[in-house]
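Novice: Here is my input, please return the structure:
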Amino acid sequence: MSDLRETLEHAVQEDQLLASTVANILHLLSGSNNPVYRAAIDELVENEAWAELNDRFFKALAFGTGGLRGRTIGKIVTRAEAGSQAGGICPAFPCVGTNAMNFYNINRATQGLVNYIKEHLAKNGLRPSIAIAHDTRFFSRQFGELTAKVATESGCDVFLFESARSTPELSFAVRHTNSTAGIVITASHNPPHDNGYKVYFADGAQIVEPHAGAIIDQVNKVASEVYEPLPKSQQGKLVSLGSELDDVYKARLRTLVLRPDVIVSQKELKIVFTPIHGTGAIISVPALRELGFQVLTVPEQDKPDGSFQTVKSPNPESAEALAMAIALAETEKADLVIGTDPDSDRMGVACRDQSGRMQLLTGNQIGSLLAYYRTKTFKGQGVLNDGNKARGVILKTLVTTDLQKTIAEREGLHCVETLTGFKYIGAKLEKYEAALPAEIRKAYRALPEQETRSARLKHSYFYVFGGEESYGYSGADFVRDKDANGAAIMFAEVAAYARSNGMTLDQLLDRIYLEYGYYQEKSGSLAFEGAEGADKIRRLADSYNAYPPSEIDNSKVVAVKDFAAGEIPDAEGDILPREKMTIFELADARRIAVRPSGTESKIKFYLFAKNSSVSKDSLVETRASLAAALDSLWAWLQEDAKNRVG
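Specialist: Sure thing, here's the model as predicted:
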């Protein structure tokens, strides 16, 4: 160890390694007896792969909007990591590093989580329990099984899914099993080399403060992945979850359908579905078929595959990721394409427009169609009426289209905007549940959907719809995260509704624009990889508040909102957590939000424009002019960013 320490310290003196990199390397080696770790580090040092070592060790993983997330396969795969899989797509062992997703970080994160829930959430004397799911990524099953092993040997009961399942089903399982917490192993739609570890609380939603910070504190106290298992008599039980829970979940998903008659009347509507090698088809395909929809799947993408070999990126918002599904839709003359990401919390859509061509919809358009249909249908059915409509609520993030806010306000509903991340929408749902009378709360999770709806309309807020521009949607509170399984059902009903009225979905969108105004959005991002990239992202994000522009793209900046400064209330008066996000409002009604990604090495830009009053005659011109205005704005922002980071 002394020779290695000397070499590392010399590399710091030569500005080849960061001091934090060396500290983290030594910390990892002192807290583990795994020979792969030392062998991988020695090889990288021997080859003077300083940039790779910095990327792997410059920091320890921290919880962001998606929990832990990082590379599970290094840019350089060492011989020790490759093992028996040398030359293969996936090595035998995950990436060695404190800033990587591997057995070391999974182990320590689980120890820290267990310590936290045992200390703070199991004071009633009952044994804590954790529900665990995983997607189809490399090492996901191994990570899930390791998590279960550490948790049970530390005194927690564990509900582990028998095979890959979606993130929303994990959220549902936490509530259904009354678990103390939940974990899903996934990196959502990230590249194949990534994986992640998302933590949920007893309410079924992702952790928020103060729990997130407290768990990190507990994890940081875990000095080693080596731990002493409790005596057998004190260890937790391991319970396998499978088809029985799938059936319960699907039954609840069916309650999302508002007008079964519309679906029955449109049996000719044909859907092509792709899970993009992930978990989506496990629930969505049988659920859609049971409702009466004709569903075809893309055979090449039905197979679980952590390499996602048929796509460049398993992201359903991408045209390329849906290309095979769209091609099949053309061959089969299908009306609709639905794609989900590997853990099936995001849904992308392509639909046949009025000219007969397949057209991709944006996340904002999909969400607006859902918000409009569910609001109008609930009002048409009398579920929402003049006496209670103010208790209907639409939840959206601050970077999601304002069209959904306008729909809510015009229809007399409540609208709340949250920070980016569905965990904040989940926190609002928990707040609304907590406002119910105690006797209802005791039985709430087991009550039929109609009864919970009545209770919320009488005592709290009834959740009509929630969504975010990044292709995440939800239509009920029995799942406390974005749910592509539920979204697929809800959107298929919207498509059936449009068809029953002789419209295509783009025509239905135009009807919405004519009623509420035309809203146009554009998103962009700048990627900066590794330790150096993380520093650039930090400096760029900080610069917008330290040196805010007075004019952007020839339009005066009329307001700047710095969410890192804190003390910003939402529509209900709740103070939003601090977040590195800045919003600029311009004199010409355009708006920009800038924030570092919580899950990727990017800084993200969200651009907005609107025209509150359009007609049939001006709609085409308005669409083109606002698109051009946002293109110009994005070009300006990219050039400005270059000047800011140098």
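
Novice: care to break the protein down by domain?
Specialist: Structural domains annotated on the chain: 2-241, 262-515, 517-645, as defined by automatic domain parsing.

Novice: Quick check, pLDDT for the closest residue to Ala488 other than its chain neighbours.
Specialist: Counting by C-beta to C-beta, 6 or more residues apart in numbering, Ala488 lies nearest to Ser284, which is 4.6 Å off, once chain neighbours are set aside. The C-beta positions use only the backbone N, C-alpha and C, and glycine is treated the same way. With respect to pLDDT, Ser284 scores 98.

Novice: check contacts around Ser284.
Specialist: Shown in contact with Ser284 (C-beta atoms under 8 Å, 6 or more residues apart in numbering): Phe273, Pro275, Ile338, Thr340, Ser344, Ala484, Asn485, Ala488, Ile489.

Novice: Report the contact partners of the fourth one.
Specialist: Counting by C-beta under 8 Å, 6+ apart, Thr340 makes contact with 166, 274-276, 278-280, 284, 316, 346-348, 484-485, 488.

Novice: ditto for the first one
Specialist: When the contact criterion is C-beta under 8 Å, 6+ apart, the partners of Phe273 are 280-281, 284-285, 288, 295-298, 325, 337-339, 488.

Novice: Using TSV, please lay out those together with distance to Met358 and secondary structure.
Specialist: TSV is the format used below for these (distance: C-beta to C-beta, whole Å; DSSP: H, G, I helix; E, B strand; the rest coil):
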residue	distance to Met358	secondary structure
Gly280	19	helix
Ala281	20	helix
Ser284	19	helix
Val285	20	helix
Leu288	19	helix
Val295	17	strand
Leu296	14	strand
Thr297	17	strand
Val298	14	coil
Ala325	9	helix
Val337	7	strand
Ile338	12	strand
Gly339	12	strand
Ala488	17	helix
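
Novice: Which single one of those is nearest to Ala541?
Specialist: Closest approach between these and Ala541, by C-beta to C-beta: Gly339, at 31.2 Å.

Novice: Tell me the spacing between that closest one and Leu296.
Specialist: Distance, Gly339 to Leu296, using C-beta to C-beta, to the nearest Å: 13 Å.

Novice: try Ala51
Specialist: From Ala51 to Leu296 the distance is 46 Å (C-beta to C-beta).

Novice: What of Val272?
Specialist: Distance from Val272 to Leu296, by C-beta to C-beta: 5 Å.

Novice: shared neighbours, the two?
Specialist: Leu328, Glu332, Ala334.

Novice: Please name the nearest non-neighbouring residue to the second one.
Specialist: Spatially, and ignoring its direct neighbours in sequence, Glu332 is nearest to Leu296 (5.9 Å; C-beta to C-beta, 6+ apart).

Novice: right, and that neighbour touches Leu269 too?
Specialist: No: assessed by C-beta atoms under 8 Å, Leu296 is found out of contact with Leu269, at 12.0 Å.

Novice: mind listing the strands for the stretch 201-350 of the chain?
Specialist: For the stretch 201-350 of the chain, the strands defined by DSSP state E, counting those that start in this stretch cover 238-241, 270-274, 294-297, 336-340, 347-352.

Novice: In contact with Asp157, which residues are there?
Specialist: Contacts of Asp157 were listed using C-beta under 8 Å, 6+ apart, and they are Arg127, Pro128, Ser129, Ile130, Gly236, Lys237, Leu238, Val239.

Novice: Number of residues surrounding the third one?
Specialist: So that's Ser129. Counted by other C-beta atoms under 10 Å, the residues lying close to Ser129 total 23.
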